[in-house]
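>>> Quick one, what's the 3D model for this:
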Amino acid sequence: GRDRPNLCRMPPPFMPPEPPDSVAYTQSKPPALQAFYRTLYLDGAHNAVLNLQRLGLAAMEAEAWEEAEWAFDEALARIEAVYGKTSLASDARSKWNAEGIKDFKGEPYERVMAYYYRGLLYLREGDYQNARASFTAGEFQDTLSEAEAFQGDFALMNFLAGWSASCAGDEDLANEAFAISQRTQAHPAPATGNTLLLADLGRGPVKMARGR
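Have a look, this model is predicted:
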């Protein structure tokens, strides 16, 4: 035991000082979100989508709604540059996949959740058309990997798209979306009413690194 180092007395690992502009940027943000802004600033573009999603969710929990909207809008702009429906995004996706070195844009599930939370923020504002568009776009992300396309099965996105359409008074679009939701995961169409309760429960998937 005497030859074993006393870990309590070992010096802490070296941490380079933060750039002054990073400190100023972070301190200008709401206290509850400063750690998330700090990570976003220091990580830069490489993990921007991941850090923006974490910031957006933390902002929602802190009821900093404008900060949340900004964070998810920024994340979605980066996602759609590669995973959008346009030909430019398709070309970018092909090149991005071939290069092998890429910044984080998320697996399909992670990208869907960015649209999910942005859709909820639109619902909060009563912007039902943009909410429906966000949920519909999220369902599309569930079909798309880097090199292949699949059939979506994220029924909650269709259900919420139907709910948004119903709130906007478009029952045809609502019934169409509810029908898709029922086919994929047997979500029943809601009964008459004007209140929907959503609860995030449990933990999301965890990615594990293996090999080199």
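>>> what ranges of the protein fall below the confidence cut-off?
Low-confidence regions of the chain, defined here as pLDDT under 70, cover residues 1-18, 84-104, 143-153, 184-189, 191-192, 205.
>>> What are the boundaries of the helices in this structure?
20-27, 34-43, 48-61, 65-83, 87-99, 108-125, 128-141, 155-167, 171-185 (DSSP state H).
>>> Tabulate those helices (JSON lines), appending distance to Thr195 and mean neighbour count.
C-beta: built from backbone N, CA, C; applies to glycine. Shown next, in JSON lines, are these (distance: least, Cβ to Cβ, whole Å; neighbours: other Cβ atoms under 10 Å):
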{"stretch": "helix 20-27", "distance to Thr195": "39", "mean neighbour count": "13"}
{"stretch": "helix 34-43", "distance to Thr195": "31", "mean neighbour count": "17"}
{"stretch": "helix 48-61", "distance to Thr195": "19", "mean neighbour count": "21"}
{"stretch": "helix 65-83", "distance to Thr195": "20", "mean neighbour count": "20"}
{"stretch": "helix 87-99", "distance to Thr195": "37", "mean neighbour count": "13"}
{"stretch": "helix 108-125", "distance to Thr195": "12", "mean neighbour count": "21"}
{"stretch": "helix 128-141", "distance to Thr195": "15", "mean neighbour count": "22"}
{"stretch": "helix 155-167", "distance to Thr195": "11", "mean neighbour count": "24"}
{"stretch": "helix 171-185", "distance to Thr195": "16", "mean neighbour count": "17"}
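>>> Redo those as a markdown table? Include distance to Gly211.
As requested, the helices of the chain are arranged in a markdown table below (distance: least, Cβ to Cβ, whole Å):
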| stretch | distance to Gly211 |
| --- | --- |
| helix 20-27 | 34 |
| helix 34-43 | 24 |
| helix 48-61 | 22 |
| helix 65-83 | 25 |
| helix 87-99 | 20 |
| helix 108-125 | 22 |
| helix 128-141 | 27 |
| helix 155-167 | 33 |
| helix 171-185 | 34 |
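>>> So for Ala209, which of the ones you listed sits nearest?
With Cβ to Cβ, the closest approach to Ala209 among these belongs to helix 48-61: 15.0 Å.
>>> which helices and strands sit right next to the closest one?
Packed against helix 48-61, as judged by 3 or more Cβ pairs under 8 Å, 6 or more residues apart in numbering; DSSP states H and E, are the following elements: helix 34-43, helix 65-83, helix 108-125.
>>> centre of the chain versus the first one, how much separation?
Relative to its parent chain, helix 34-43 has a centroid offset of 17 Å by Cα atoms, centre = their mean, to the nearest Å.
>>> do the longest one as well
Distance of helix 65-83 from the chain centroid (Cα atoms, centre = their mean) equals 8 Å.
>>> Who are the packing partners of that helix?
Counting by 3+ Cβ pairs under 8 Å, 6+ apart, the packing neighbours recorded for helix 65-83 are helix 48-61, helix 87-99, helix 108-125.
>>> For these, could you give me TSV that also reports distance to Arg38?
Listed next are the helices and strands packed on helix 65-83 as TSV, based on distance: least, Cβ to Cβ, whole Å:
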stretch	distance to Arg38
helix 48-61	10
helix 87-99	27
helix 108-125	21
